[in-house]
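Participant: My questions concern the predicted model and sequence given below.
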Amino acid sequence: MRYYLGVDAGTTEIKSVLFDEKGRVVCSSRKRVRKIYPKPQWVEKDPIEALNALILSVRETLEKARVKKVEAMGLANEGESVVIWDAQSGKPIYNAITWEDRRTAKLCKQLKHLEKEIKNKTGLKLESYFSATKARWIVENAKRSTKLMFGTMDSWFLWNLTGFHVTDVSTASRTMLFDINSLKWDEELISLFGLHQLEFPEVKQNSEFVAHTKSEIFGFPIAISALCVDQQASLYGHGCTKQGELKITYGTGAFALANIGDAPKYSQSLLTTVAWKIDGKTSYAFDGGVYSAGSAINWLIELGVAKSEKEVEELSRSVHSSEALFVIPAFSGLACPYWVDDLKASIHGITLSHTRAHFARATLESIAYLVSEIVEAMQKELGSIAKIRVDGGMSKNRFLVQLQSDVLQKELYVCTFKDVTAFGVASLAKRAIEGNGFSQKKYVKYSPSSNYERQKTDWKEVLTRTLYSGGISL
């Protein structure tokens, strides 16, 4: 039996899943990664802690499985989060700044006159969401050394696991420093953001041999043969390899990606990103995200509204509506289609009759409304959308998935296997070795049973007033 390892190094959790040659799960392990909040809307994590979590997760998985050989490993990462480290000592000069961090929103506003040029090259909005301005902040504020290495989380992990400084084409496309047309680092953008002194990683395809891990780390060397952003790995894991196929992942944030074919297309509200490059052929995707989805649910739990994610679902079911209570979950600003970095989260219409259940339901509704706007924008650009596939930790919340189907008035197909990102990147790793990946997983269909058009219209009016009061017009 041959085995393949899929590692999903996400924002708050690192998962290692071992698959057999038919794509069946052998065993898995998960390790939490602590987030650090130095100031409001600043979000960091310790790169060494994250690295140790990855190593422990993989070791635990291999020990459970009692295997002494793995054919290949695929590594998926969160995309935009940044680490800069000293080439000689190998130590980070500052914490990793995650994609949720908004400390550079002011800098992005100062550079708005360059947004069109940046979007034409990178497919991205000029936002603090992406890596470029975060890297600049670290360079300007952390202790400097003679030779600094630039990396997203995958590059940091790979440097330590293999000794090689590499990334992949999909991850590079999330930095705002990479030309998605030429598929190369853009020297003008690198200089524009004051990062010319950094050493940038070599860019690999998403399914090809990269390097072997050092023998002493896992007890034997493992070939790393796939690298990918977590959202693109999920898209691949769902089998969305044709134009118009779309998936939604509900995790820390909620992200929708739609395959748009082998040439980049541009949209006013959506991002254009590299989906993957395999066997020399590049596929692109439209991308739109809700920054706070699972993190908004965690906020409810931390406040004491509910004790668990399951209770959030139970509370939401216990009431027939949110009774005109509206939540704007802008804990890290608003992404597609609004792109407002510095908006704060807010709650509107609170009365003495509102209960914990109304707060839970209103939060889930707000996530569904924001996701629906992304999907609708994608449908407008593409003309039609094929099957919508769904995964992620929050997809086990059946109330949310049914609500999303109702708001969109579309069928949703929820994967019965929740770790689609790990499945996708392991499939890419297998493809590099054997020439083919795994077959698709099974799905459960949700069909619309109610209509939320009026409620969504009311919520949109509240959001519009909120943006208008902050001097922002739609």
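Facilitator: Cool, the structure landed.

Participant: Scan the chain for its longest helix.
Facilitator: helix 356-382 (DSSP state H).

Participant: Identify the residues contacting the helix or strand following that one?
Facilitator: Using DSSP states H and E, the helix or strand that follows helix 356-382 towards the C-terminus is strand 388-391. If you take CB atoms under 8 Å, 6 or more residues apart in numbering as the criterion, strand 388-391 is touched by 234, 237-238, 240, 245-250, 375, 401, 404, 408, 410-415, 417-418, 420-421, 443. The way it works is simple: take the backbone N, C-alpha and C, and place the C-beta from them, glycine included.

Participant: quick one, strands of the stretch 101-250 of the chain?
Facilitator: Along the stretch 101-250 of the chain, counting by DSSP state E, counting those that start in this stretch, strands occupy 148-152, 166-168, 178-179, 184-185, 198-199, 202-204, 207-212, 223-229, 246-250.

Participant: Make CSV from those strands and add mean pLDDT to it.
Facilitator: Converted to CSV, the strands of the stretch 101-250 of the chain look like this (pLDDT from 0 to 100):
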stretch, mean pLDDT
strand 148-152, 96
strand 166-168, 97
strand 178-179, 97
strand 184-185, 98
strand 198-199, 95
strand 202-204, 97
strand 207-212, 96
strand 223-229, 97
strand 246-250, 94
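
Participant: Can you lay out these as TSV showing distance to Tyr3 and mean neighbour count?
Facilitator: Output for those, formatted as TSV (distance: least, CB to CB, whole Å; neighbours: other CB atoms under 10 Å):
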stretch	distance to Tyr3	mean neighbour count
strand 148-152	27	25
strand 166-168	22	26
strand 178-179	33	23
strand 184-185	35	15
strand 198-199	34	16
strand 202-204	22	18
strand 207-212	16	20
strand 223-229	12	29
strand 246-250	25	28
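
Participant: Restricted to helices, list the contacts of strand 388-391.
Facilitator: Filtering those for helices - DSSP H - leaves 234, 237, 375, 401, 404, 408, 420-421.

Participant: Check the residues you listed and tell me the two furthest apart.
Facilitator: Leu408 and Thr421 (22.4 Å; CB to CB).

Participant: For those two, indicate the residue with more neighbours.
Facilitator: More crowded of Leu408 and Thr421, by other CB atoms under 10 Å: Thr421, with 32 against 20.

Participant: Find out how far the longest strand along the chain is from the centre of the chain, if you would.
Facilitator: Longest strand in the chain, counting residues (DSSP state E): strand 281-290. Averaging C-alpha positions (CA atoms, centre = their mean, to the nearest Å) puts strand 281-290 12 Å from its chain's average.

Participant: Flag every buried residue along it.
Facilitator: Using 16 or more other CB atoms under 10 Å as the burial criterion, the residues of strand 281-290 that qualify are 282-290.

Participant: and what of stretch 103-113?
Facilitator: Within stretch 103-113, the residues that count as buried by 16+ other CB under 10 Å are 103-105, 107-108.

Participant: And for stretch 114-131?
Facilitator: For stretch 114-131, burial by neighbour count (16+ other CB under 10 Å) applies to 118-119, 121-131.

Participant: do stretch 440-448 as well
Facilitator: 440-441, 443, 446, 448.

Participant: Quick one: those residues as JSON lines, columns for secondary structure, pLDDT and distance to Ala53 too.
Facilitator: Below are the buried residues of stretch 440-448 laid out as JSON lines (DSSP: H, G, I helix; E, B strand; the rest coil; pLDDT from 0 to 100; distance: CB to CB, whole Å):
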{"residue": "Gln440", "secondary structure": "coil", "pLDDT": "73", "distance to Ala53": "29"}
{"residue": "Lys441", "secondary structure": "coil", "pLDDT": "78", "distance to Ala53": "26"}
{"residue": "Tyr443", "secondary structure": "strand", "pLDDT": "92", "distance to Ala53": "30"}
{"residue": "Tyr446", "secondary structure": "strand", "pLDDT": "95", "distance to Ala53": "33"}
{"residue": "Pro448", "secondary structure": "coil", "pLDDT": "93", "distance to Ala53": "40"}
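
Participant: thinking again about what came up before, looking at the buried residues of strand 281-290, which two lie furthest apart in space?
Facilitator: Between any two of the buried residues of strand 281-290, the greatest separation by CB to CB is 26.7 Å, found for Thr282 and Val290.
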